[in-house]
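S.K.: Sharing a sequence plus its predicted fold:
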Amino acid sequence: MIIMENVTKTYTTGVPALNGIDLHIQKGEFVFIVGKSGSGKSTLIKLLLKELDPTSGKIYINKKFLNKITRKKLPYLRRDIGVVFQDFRLLPDRNIADNIAFAQKVVEAPSRKIKGRVLAMLSMVGLLDKYKSFPNELSGGEQQRVAIARALVNNPEILLCDEPTGNLDPANSNEIMRILDQVNKQGTTVLVVTHNMEIVQQMRKRTITMSEGKIISDMEKGGYFYED
Ligand SMILES: Nc1ncnc2c1ncn2[C@@H]1O[C@H](COP(=O)(O)OP(=O)(O)OP(=O)(O)O)[C@@H](O)[C@H]1O
């Protein structure tokens, strides 16, 4: 599903942000990626989305060889991957139903199908009654639930979350994790970058620890490498 082979990324500054990453993630896994600030987590996410290309090494997603995907074919890759960010990134001038529908319009789904899918997604994140609200009328936790609904509306095989609970209090963070767990149990592969070690401990999922551009531990069920 996701394969990285000896992947290196060096920015123009010359510092290797990723240095020899070997990573295999199977379909249906739930994986946390943790590590100190600057350890290379966001760079790894950007490579998976092909926002950046590796300096060396190979990346495959769903058997697609990312190194060889042309810019023109990028939308096909992006259909396989939903993304959720720390800062939600909703469109402020559209209500939440339109925020979610927007992602479907981008892939040119028929309008009847869009409506049904948007309602199904809103129901999944428990926000059916708020479909006409605008993002600024929702709490942070609710906005993140909308962002998850938007990321899943095209039924991607993979959901990438970059610090999804970074702006949320513990109760909202737990609710987001409950939804991500449910999404994973329905078959979506879920990858979560986080600094929230409490959540990592509670969830007991595969946890990869990065340090200085390398994977320094890869443990089942919430084990991670303590670094100080
Ligand atoms: N655009 C860039 N140009 C040059 N160096 C960069 C760039 N982006 C990141 N870096 C460097 O690459 C390294 C890895 O950064 P990255 O953002 O991937 O870390 P991170 O683990 O996601 O950090 P954080 O937890 O703070 O988000 C750091 O040394 C960072 O300074």
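M.R.: Cool, the structure landed.
S.K.: separation between the most centrally placed residue in the chain and the ligand?
M.R.: Nearest residue to the geometric centre of the chain (C-alpha atoms, centre = their mean): residue 160, 1.4 Å. Taking C-beta to the nearest ligand atom, to the nearest Å as the criterion, residue 160 is separated from the ligand by 13 Å. From N, CA and C alone the C-beta is placed, and that goes for glycine too.
S.K.: Would you agree that residue is in contact with residue 84?
M.R.: Yes - using C-beta atoms under 8 Å as the test, residue 160 is close enough to residue 84 to be in contact (7.3 Å).
S.K.: so the residue nearest to the centre of the chain is in which element?
M.R.: Following DSSP states H and E, the helix or strand that holds residue 160 is strand 158-162.
S.K.: Ok, residue 126 next?
M.R.: Going by DSSP H and E, residue 126 is not part of any helix or strand.
S.K.: Contact distance from the ligand - what residues of the protein qualify?
M.R.: 11, 13, 15, 17, 35, 37, 38, 39, 40, 41, 42, 43 (C-beta under 6 Å from any ligand atom).
S.K.: One more pass at 8 Å, please.
M.R.: 9, 11-13, 15, 17-18, 35-46, 162-163, 193, 195, 210, 213 (C-beta under 8 Å from any ligand atom).
S.K.: Using neighbour counts, give me the buried entries of those residues.
M.R.: 9, 17-18, 35, 39-46, 162-163, 193, 210, 213 (16 or more other C-beta atoms under 10 Å).
S.K.: what's the following helix or strand after the longest helix anywhere in the chain?
M.R.: Of all the segments of type helix in the chain, defined by DSSP state H, the longest one is helix 170-185. For helix 170-185, the following helix or strand on the C-terminal side (DSSP H and E) is strand 189-193.
S.K.: to the chain's geometric centre, what's the distance from that following strand?
M.R.: Distance, stretch centre to chain centre, for strand 189-193: 5 Å (C-alpha atoms, centre = their mean, to the nearest Å).
S.K.: and whichever helix or strand comes after that strand, what's its mean pLDDT?
M.R.: Taking DSSP H and E as the definition, the helix or strand that follows strand 189-193 towards the C-terminus is helix 197-203. Taken as a whole, helix 197-203 has an average pLDDT of 92.
S.K.: Run through who's touching helix 197-203.
M.R.: The contact list for helix 197-203, computed with C-beta atoms under 8 Å, 6 or more residues apart in numbering, reads 30, 32, 34, 165, 170, 173-174, 177, 181, 194, 207, 222, 224.
S.K.: Pull out the buried members of those.
M.R.: Neighbour counting by 16+ other C-beta under 10 Å classes 30, 32, 34, 165, 173, 174, 177, 194, 207, 222, 224 among those as buried.
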